[in-house]
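A.B. asks: predicted structure and sequence below. I'll ask about it afterward.
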Amino acid sequence: MLNPLRSEAEAFRFLIYVVVVAVLIAGFVLLVRALV
Amino acid sequence: MEAAAVSGTHGSHAGVHDEEHHGPPEANRSSRVEPQLLGMLLFIISEVMVFGAFFTAYFFIRVVNGDQWPAEGTELPKLIAGVNTAILLSSSFTMHWALECAKSGNRFGLKAGIVTTLGLGATFLFIQINEYVHIGFSPADTAQASVFYGLTGLHGAHVFVGLTLLSMVTIRSFKGHFTPEEHRGVEVPGIYWHFVDVMWVIVYLSVYII
């Protein structure tokens, strides 16, 4: 399991995941707001 | 005779001890996690709670109160902050590259990576301060302004702490302190730097974009 506090490599991978998930959530919110 | 033998054995042990260890005895370790990592782990957990308190104030204004965001008559510079986000994210890539270089014994790569990370982080902070100067509202104007300055300022303070750590790593890198076997001094600040980046991505998307 990914533990961002175990090593720098895992923290870096966690950052990439956060960026992807956060951009997807922001995109979804903006899309819904545009449609409603 | 026996006493002499015991004394002799003790003497030889003391000799070995003197050769192997200097200074005070090593601190007791009660955790399987390395002390440096454990310290950073506990620190980051407490930091998440601090950011959580600021995000609570932010979501209270936007969700519970349903106030306009940003406050009427104010505007947030999304594009400049977006460029700043790209700068900070780039610095995480250079940080990761620096550590990979340290692990593989590439000293030039380590130094170049750390200096680039430091430069990108300083640029981020400079742009952030410049944004404050030109944004046109103060923390005392509205609740939204207070939360905006609170969240971005808290993050900016973390970037400053990160830059201080990176400065130490840079000096140590140039002094040749890190080797493929011993690079904990790069790894632990690296974890902190990625944490600062993770927090900025969340701050940027929630404060500027959504």
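C.D. replies: Perfect, I can see it now.
A.B. asks: please, which helix or strand holds the nearest residue to A:Leu5 once chain neighbours are set aside?
C.D. replies: Nearest non-adjacent residue to A:Leu5, counting by Cβ to Cβ, 6 or more residues apart in numbering or on different chains: B:Leu41, 4.4 Å away. To be clear about C-beta, it is placed using only N, CA and C from the backbone, and glycine gets the same treatment. Using DSSP states H and E, B:Leu41 maps to helix B:35-59.
A.B. asks: in the helix or strand immediately after that helix in the chain, what's buried?
C.D. replies: Helices and strands here follow DSSP H and E; after helix B:35-59, the next one along the chain is helix B:78-104. Using 16 or more other Cβ atoms under 10 Å in any protein chain shown as the test for burial, helix B:78-104 gives B:80-81, B:84-85, B:87-103.
A.B. asks: name the helices or strands packed onto the helix holding B:Leu41?
C.D. replies: Judged by 3 or more Cβ pairs under 8 Å, 6 or more residues apart in numbering or on different chains; DSSP states H and E, the packing partners of helix B:35-59 are helix B:143-174, helix B:184-203.
A.B. asks: can I get these in TSV with mean neighbour count, distance to B:Val50 and mean pLDDT?
C.D. replies: Output for the helices and strands packed on helix B:35-59, formatted as TSV (neighbours: other Cβ atoms under 10 Å in any protein chain shown; distance: least, Cβ to Cβ, whole Å; pLDDT from 0 to 100):
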stretch	mean neighbour count	distance to B:Val50	mean pLDDT
helix B:143-174	18	7	96
helix B:184-203	23	10	95
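A.B. asks: quick check: the gap between the residue nearest to A:Leu5 and B:Ser167.
C.D. replies: When distances are taken as Cβ to Cβ, to the nearest Å, B:Leu41 and B:Ser167 turn out to be 23 Å apart.
A.B. asks: same deal with B:Asn84?
C.D. replies: Separation of B:Asn84 from B:Ser167 (Cβ to Cβ): 20 Å.
A.B. asks: check contacts around B:Gly176.
C.D. replies: Counting by Cβ atoms under 8 Å, 6 or more residues apart in numbering or on different chains, B:Gly176 touches B:Arg107.
A.B. asks: can you tell me the SS state at it?
C.D. replies: Following DSSP: H, G, I helix; E, B strand; the rest coil, the label given to B:Gly176 is coil.
A.B. asks: give me the pLDDT for it.
C.D. replies: If you check B:Gly176, the pLDDT there is 93.
A.B. asks: shouldn't the residue nearest to A:Leu5 be in contact with B:Val33?
C.D. replies: Yes - here B:Leu41 reaches B:Val33: they are 6.9 Å apart, a contact under Cβ atoms under 8 Å.
A.B. asks: comparing these two, which residue is more hemmed in?
C.D. replies: B:Leu41 (19 against 14; other Cβ atoms under 10 Å in any protein chain shown).
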